[in-house]
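*Asks:* dropping the sequence and predicted coords here.
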Amino acid sequence: MRIQRQCETFAYRIARELPPVDSVTPMPDNFPGTGQDWLERTVALENMLEAFNKQGIDSRTWHGKKNPITGEHEYSPERLAQHETVMNHFRPHIDAVPKNGEAHLLAGLGGAGKTTILRQLGIHTEPGRPEPMTHFALSADNNKDVMVDNDMVPPIQWLAQQYPDLVPRNRRGELYDFTPMELSSLIQNESRDLANRQAQEAYKVRANVVWDYRMGTHDSAIQHLDALDKHGYTRKGAIFVDVTPNTSRQRGIKRHIDGMSQFYRRHTMSPVDPKYKPARRGGRRLPLFATTDLHPKDPASGELSSSGEAFKKLVTETPHRLNAGWLHINNEDFTNPIIRSTGGQWAGLSQLPQQPMQQPPVRAAGRILMADLDTADPHSVLSLLDAYRDGQLSFPNLVEAIVARYEQIKGVDQHPERAEWSSFDRDEMMPEEDNGWWITAAVWSGVLSQEQAQLIKDEVKRRVIL
């Protein structure tokens, strides 16, 4: 009963806090923000994922068996072939990073903001960004994205056939349309197995790596350090980004809602190229059962989570093993990370450095961030900036066109409670080619001056964001 009540608490909070959906835009009944249907859908999803977890049913169950001697899971030949598809996706990334034998343990709860902190430290793990990769990220979550894109998460119809007692239906007797990413906890263990395979390949060439994980125990950190030592890694560090379990939950809920909002809006606002894979993923759901035992074991420890306690033990008992330094950051407030303790190369660091991004041309950045889209909407902000760059629009006409574009989509994408430029800038529910970030990118590439960009933003604030 405890989990059921907790699920309902969060589901009601979701339904209550979201803004109303624009009545002109047709949305599915279960679209985030439409109240009871979304509430029931969320509770049904949580209960189903918890039931599968309690019975030990996941993708390992469907695609192999556990070796009784070694204790390792052995996958079927068909599933191993799919694993190779995932591995082949990441191998070029391993090849691309320097081979300096440097590794960092990047730990923290989901939603802590670990990757953002890494960027500020000049450690880049994301392919396709303007900054070249410095390290390869060993991450179960990264594998999930690729597994979903390659149809490695079974559809809800198949699950209902195999486990009719575990898969819920709505009041009309219909299956819920759970998206692949909402079901991604069912491939959690398998995606971790793939991360371990990637680690072995990276270790062989001493590729720079970052282990991105929760650090549930001190022992897990020691095991990673032992493996790195065994393969000749000479520089090892650790970074812990701490938030409370409640903050982790709330950010996970927002991530789920944002992903589902993007999923539905992409299928209702405009035609989307089917090759644009993120459009079909949906929102990743971090099940509540996975976040119920993360509070500090010792209330007097001063840590925000049990993972924080594990990290504290690591840097207290074995700091000599972290010769590349260590850093402990409280990131409860995204806008004001607080450095709690440091060591090694980061000893005495009182403020995170602001790393300047390289300045890509607008179109080049477009090819990076929208690599799966064949073309951009000719009326989008990105296309309008391109037209201005190519001399097809005067600056006054560019301003008017961007304002008109945002007026057109305001009713769908503006959140009334966010009466500021961030409603359009980097909003996850905005179509990428309409994101206000492109105005900043235009400044980087010299298409706009700082003054011109600010004028556009001021006009949008004055005329669109009331």
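*Replies:* Right, received. Where do you want to start?
*Asks:* quick one: neighbours of the residue nearest to residue 233 when sequence neighbours are not counted, just the number.
*Replies:* Nearest non-adjacent residue to residue 233, counting by Cβ to Cβ, 6 or more residues apart in numbering: residue 101, 4.6 Å away. For every residue, glycine as well, the C-beta is placed using N, CA and C. Counted with other Cβ atoms under 10 Å, residues neighbouring residue 101 total 18.
*Asks:* right, and residue 101 touches residue 229 too?
*Replies:* No - using Cβ atoms under 8 Å, residue 101 and residue 229 do not qualify as a contacting pair, with a distance of 10.6 Å.
*Asks:* SS state for residue 112?
*Replies:* Three-state assignment for residue 112 (DSSP: H, G, I helix; E, B strand; the rest coil): coil.
*Asks:* what is the burial count for the residue nearest to residue 380 when sequence neighbours are not counted?
*Replies:* Using Cβ to Cβ, 6+ apart and skipping residues adjacent in sequence, the residue nearest residue 380 is residue 433, 3.8 Å away. The local packing of residue 433 (other Cβ under 10 Å) involves 21 other residues.
*Asks:* what's the pLDDT at residue 433?
*Replies:* Reading off the confidence values, residue 433 has pLDDT 70.
*Asks:* surely it meets residue 384?
*Replies:* No - taking contacts as Cβ under 8 Å, residue 433 lies outside contact range of residue 384: 9.7 Å.
*Asks:* shaky segments in the stretch 251-400 of the chain?
*Replies:* Applying pLDDT under 70 to the stretch 251-400 of the chain flags residues 262, 264-280, 354-377.
*Asks:* avg pLDDT for stretch 130-139?
*Replies:* On average, stretch 130-139 scores 92.
*Asks:* all helices of the stretch 351-466 of the chain, in order?
*Replies:* 362-369, 381-389, 395-413, 437-444, 450-463 (DSSP state H, counting those that start in this stretch).
*Asks:* right, and the ones you listed - which one's nearest residue 353?
*Replies:* Shortest distance between residue 353 and the helices of the stretch 351-466 of the chain, using Cβ to Cβ, is found for helix 437-444: 18.9 Å.
*Asks:* give the buried residues for the closest one.
*Replies:* By neighbour count on 16 or more other Cβ atoms under 10 Å, the buried set for helix 437-444 is 437, 438, 439, 440, 441, 442, 443, 444.
*Asks:* how about stretch 54-63?
*Replies:* Those would be 57, 58, 59, 60, 61, 62, 63, for stretch 54-63 by 16+ other Cβ under 10 Å.
*Asks:* could you measure from the residue nearest to the first one when sequence neighbours are not counted over to residue 285?
*Replies:* To tie it back to what came earlier, the one meant is residue 57. Spatially, and ignoring its direct neighbours in sequence, residue 57 is nearest to residue 163 (7.1 Å; Cβ to Cβ, 6+ apart). Separation of residue 163 from residue 285 (Cβ to Cβ, to the nearest Å): 18 Å.
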